[in-house]
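Visitor: pasting the sequence and the predicted coordinates here, then a few questions.
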Amino acid sequence: MLLSLNLFTALIILSIVGGMISLTAIVMILITEKEVDFLEVEKKRVDLEVLLNESKLLHLSAQIQPHFLFNTLNTISTLIRLGKNKEAEQAIYSLSSLLRYHLDKKNSLVSLKEEIKYAEQYLSIQQLRFGSRLEWEIHVPEALLGMEIPMLVIQPLIENACIHGVEPSMDGGKILISATSTDGVLLLEVRDDGAGVSDAVISEFERWKTDSRSSNSETNIGLRNVHSRLKEQFGKESGLSIKKSRKGTISTITITLFS
């Protein structure tokens, strides 16, 4: 490989801080090589995963799970190995946009329009992994796009739908994101028709909501983060609820705009 381990690691760290340029540099270097040593790429990926887990670089692990970052990097390297360079470039663009969204925002509140755009970038990366097994639709009225919500509250619900709904199902599934507002209450819903979250996961989450000391704090960190921030910013009537539907799971964010 023309790309040394130290240079590869440095470029990844720069990419998280600097976005598109460094990620593009990684791919361009890999593309220009005559033969891609896939085992060497895998070794670098493992080394980088250890690095990220040890350093918890920029606290991204609390928002974008490290396994998602490295699954994405692995997907990019696989696309390059298969000669699908355009798809790899699109994945890089989407990933850099996700990272930039995390790092550029100075306020905890963002417009619903920004959150939806972020969700679409996230879904486009997940579709590289799931292919035709993943479909999605977004139904958000134009009048609601300017409403302010906490940043990074929709993506963990999509991730949950991918992990518990789409991935275990042989046929995959569809994710539906929608928003409604009535009497000063904004409802954001992420619904999937896949395998569905288990009763144990839902029970654990509800038990934690009642008494945070009664359950394992290492599980469902993303969902707990969402629920806690909603209650802190919008009051006790706001929060996250999760329930099983006839087929799949429904996750609902409730934001009480007027107390």
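Guide: Noted; the coordinates are in hand.
Visitor: and the helices in the stretch 101-250 of the chain?
Guide: Secondary structure of the stretch 101-250 of the chain (DSSP state H, counting those that start in this stretch): helices located at 112-130, 155-161, 199-210, 221-234.
Visitor: adding distance to residue 170, mean pLDDT and mean neighbour count, write those out as JSON lines.
Guide: Placement of C-beta: from N, CA and C, glycine included. Shown next, in JSON lines, are the helices of the stretch 101-250 of the chain (distance: least, Cβ to Cβ, whole Å; pLDDT from 0 to 100; neighbours: other Cβ atoms under 10 Å):
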{"stretch": "helix 112-130", "distance to residue 170": "12", "mean pLDDT": "91", "mean neighbour count": "19"}
{"stretch": "helix 155-161", "distance to residue 170": "16", "mean pLDDT": "90", "mean neighbour count": "24"}
{"stretch": "helix 199-210", "distance to residue 170": "20", "mean pLDDT": "87", "mean neighbour count": "14"}
{"stretch": "helix 221-234", "distance to residue 170": "25", "mean pLDDT": "87", "mean neighbour count": "18"}
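Visitor: residue 73: which of these is closest?
Guide: Using Cβ to Cβ as the criterion, the shortest distance between residue 73 and these is 10.7 Å, found for helix 112-130.
Visitor: what does the pLDDT read for the residue nearest to residue 129 when sequence neighbours are not counted?
Guide: Leaving out its chain neighbours, the residue that sits closest to residue 129 by Cβ to Cβ, 6 or more residues apart in numbering is residue 75, at 5.9 Å. The predicted local confidence for residue 75 comes out at a pLDDT of 83.
Visitor: just the CA atoms of the helix or strand containing residue 75, as CSV, please.
Guide: Mapping residue 75 onto the secondary structure by DSSP states H and E places it in helix 66-81. Provided in CSV are the C-alpha atoms of helix 66-81 (Å, rounded to 0.1, in the frame of the first residue of the first chain):
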residue,chain,number,x,y,z
PRO,A,66,-18.0,4.3,16.5
HIS,A,67,-19.2,1.2,14.8
PHE,A,68,-21.2,3.3,12.3
LEU,A,69,-18.1,5.4,11.5
PHE,A,70,-15.9,2.3,10.9
ASN,A,71,-18.6,0.4,9.0
THR,A,72,-18.9,3.4,6.7
LEU,A,73,-15.1,3.5,6.2
ASN,A,74,-15.1,-0.2,5.5
THR,A,75,-18.0,0.2,3.0
ILE,A,76,-16.0,3.0,1.3
SER,A,77,-12.9,0.8,1.0
THR,A,78,-15.0,-2.1,-0.3
LEU,A,79,-16.6,0.2,-3.0
ILE,A,80,-13.1,1.2,-4.1
ARG,A,81,-12.0,-2.4,-4.2
